[in-house]
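> My questions are about this predicted structure, shown below with the sequence.
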Amino acid sequence: MEILIGLVLVVLAGLGTGTAAWPMKKIKELHFEQYLFVFMLTGIIIYPWLVVVVKIPDLGGVIKTVGLKPLLISNLLSICWGIANVLYLVCVVRIGAALTGAILSAAGMSVGVIMPMIFKGSGLFGNAPGLWSTAGIVIMVGLIVILIGIALVSAAGFGREKVLHQKTELKKNKQASGSFRNGLVLVILAGFLSSGLSLAFVYSQGPVIEAARSQGAGDITANFTVWALCILGGGLVNVLYAVFLMAKNNSWKRLFSRKDELLYGSIIGLQFIGSIILLGRGMVLLGALGASVGFAIQQSMQVIGNQLVGFIGGEWEGVHGKPRNTMYLAIAIILAAVIILAFSNTI
């Protein structure tokens, strides 16, 4: 039952993070830096720290028990994710949510799935089977199937781009804009860095959860404590980047001029932190292989969530035939890979 609940949680986590770009399609003339500031300030700093401050009697005691080394390593990993998140938001504008999410997930998944089976994580993740164990081989098969699906997503994206270039300028202006090639380079880099979010949890959750529970924290509060302490660095990267942009563009006044950006930014902040809390809890419930299996499934569902945003947001408007059919096939293959990964966790 715990494994089943864990699977459900990581699926929901993937759909939650994968659809987090929907306000960028809904808000007209989005002020990027103001939206990013509100999104990250609420989601990564205010919400989790509010829970921890209220629920943990002696936070200083938790930090002292855990030690500075695990927190430093996890925050360095989260800074990698923070950089990736900035690049992700830029690439959504340049090449669209669907293609950005697919390529980013492929690169990030390759690192995030393999690493915990080679360099064991903390807590129960330290008991993960090796890369060449039976379970490890099945996971690698699932990963290969996922990468095939994501390659098809990318092919569909290129096909969509070709079709859109054949449309009128008016039509193209409604689609994701910017340099397509430059966007591809950025999103590949972002993909490798993006695994830092999962790895920060994998390599720090054991001592942090144990220290939080010693003060009477429940499972949810303990998970909030991990994320609050261990991804603060990544959140600050995003917040400071937004501050830099507002200072550079002298656009501080815009911060409170658009109620929709404040509202949607705070909502997506809640959606995002809620999703990664589900990811952390789901990975733990999946057991020793949860670091690899949970992350792979979450990323797979994130790809599908990205495609939902792309379809609903109009990125595929007027695009039919081979590109659209290729995308449908890719989604089916990714879902098949999720089944393989779920099976690997039972071995």
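On my side now, so go ahead. Numbers count the residues shown, from 1 in each chain.

> So for the helix or strand hosting residue 54, mean pLDDT?
Here residue 54 sits within helix 47-55, counting by DSSP states H and E. Helix 47-55 comes out with an average pLDDT of 93.

> Send me the helix or strand that that helix is followed by as CSV with only the CA atoms.
Going down the chain from helix 47-55, the next helix or strand is helix 59-66, by DSSP H and E. Presented in CSV, the C-alpha positions along helix 59-66 are these (Å, rounded to 0.1, in the frame of the first residue of the first chain):
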residue,chain,number,x,y,z
LEU,A,59,14.9,24.9,14.4
GLY,A,60,18.4,25.8,15.5
GLY,A,61,18.6,22.4,17.3
VAL,A,62,17.6,20.7,14.0
ILE,A,63,20.4,22.5,12.1
LYS,A,64,22.9,21.7,14.8
THR,A,65,22.0,18.0,14.8
VAL,A,66,22.2,17.7,11.0
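
> pLDDT (mean, whole number) over helix 59-66?
Averaged over helix 59-66, pLDDT sits at 92.

> Identify each buried residue in the helix holding residue 54, please.
47-49, 51-52, 55 (16 or more other Cβ atoms under 10 Å). To be clear about C-beta, it is placed using only N, CA and C from the backbone, and glycine gets the same treatment.

> could you redo those residues as a markdown table and give each row distance to residue 112?
Listed next are the buried residues of helix 47-55 as a markdown table, based on distance: Cβ to Cβ, whole Å:
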| residue | distance to residue 112 |
| --- | --- |
| 47 | 24 |
| 48 | 21 |
| 49 | 25 |
| 51 | 25 |
| 52 | 25 |
| 55 | 28 |
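
> nearest to residue 299, of the residues you listed?
Of all these, residue 299 sits closest to residue 48, with 21.4 Å by Cβ to Cβ.

> State the three-state secondary structure for the residue lying closest to the closest one once chain neighbours are set aside.
Nearest residue to residue 48, sequence neighbours excluded (Cβ to Cβ, 6 or more residues apart in numbering): residue 228, at 4.0 Å. Following DSSP: H, G, I helix; E, B strand; the rest coil, residue 228 is assigned to helix.

> so how far is residue 208 from residue 228?
The gap separating residue 228 from residue 208 is 9 Å, by Cβ to Cβ, to the nearest Å.

> go on, residue 192?
For residue 192, the distance to residue 208 equals 25 Å [Cβ to Cβ].

> Same drill for those two, tell me which one is more crowded.
Using other Cβ atoms under 10 Å as the criterion, residue 192 and residue 208 rank with residue 208 on top: 27 against 16.

> low-confidence ranges in the stretch 51-200 of the chain?
Along the stretch 51-200 of the chain, segments meeting pLDDT under 70 span 97-98, 101, 164-180.

> which residues in it form helices?
Counting by DSSP state H, counting those that start in this stretch, the stretch 51-200 of the chain has helices at residues 59-66, 68-95, 97-118, 134-165, 169-172, 180-194, 196-202.

> other SSEs contacting the longest one?
Counting by 3 or more Cβ pairs under 8 Å, 6 or more residues apart in numbering; DSSP states H and E, the packing neighbours recorded for helix 134-165 are helix 97-118, helix 169-172, helix 290-312, helix 322-344.

> try 7 Å this time
For helix 134-165, the contact count by 3 or more Cβ pairs under 7 Å, 6 or more residues apart in numbering; DSSP states H and E identifies helix 97-118, helix 290-312, helix 322-344 as packing neighbours.

> what angle separates the first one from helix 290-312?
Calculated by axes from the mean of the first three to the mean of the last three Cα atoms, to 10 degrees, helix 97-118 forms an angle of 180 degrees with helix 290-312.

> how about helix 97-118: buried residues?
Buried-residue list, helix 97-118, by 16+ other Cβ under 10 Å: 97-117.

> Now do it and helix 68-95, the angle between them.
Between the axes of helix 97-118 and helix 68-95, defined by the same axes, to 10 degrees, the angle is 150 degrees.

> Can I get helix 97-118 in CSV? Just the C-alpha atoms.
What follows is helix 97-118, C-alpha atoms only, in CSV (Å, rounded to 0.1, in the frame of the first residue of the first chain):
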residue,chain,number,x,y,z
ALA,A,97,6.6,25.0,-22.8
ALA,A,98,6.1,21.6,-24.6
LEU,A,99,9.6,21.3,-26.1
THR,A,100,11.4,23.0,-23.2
GLY,A,101,10.0,20.6,-20.7
ALA,A,102,10.7,17.5,-22.8
ILE,A,103,14.4,18.3,-23.4
LEU,A,104,15.0,19.5,-19.9
SER,A,105,13.5,16.4,-18.4
ALA,A,106,15.6,14.1,-20.6
ALA,A,107,18.9,15.6,-19.6
GLY,A,108,17.9,16.0,-15.9
MET,A,109,16.5,12.5,-15.7
SER,A,110,19.6,10.9,-17.0
VAL,A,111,21.6,12.4,-14.1
GLY,A,112,18.9,12.2,-11.4
VAL,A,113,18.1,8.5,-12.0
ILE,A,114,21.6,7.1,-12.3
MET,A,115,23.4,9.1,-9.6
PRO,A,116,21.6,7.6,-6.5
MET,A,117,22.4,4.1,-7.7
ILE,A,118,26.1,4.9,-8.0
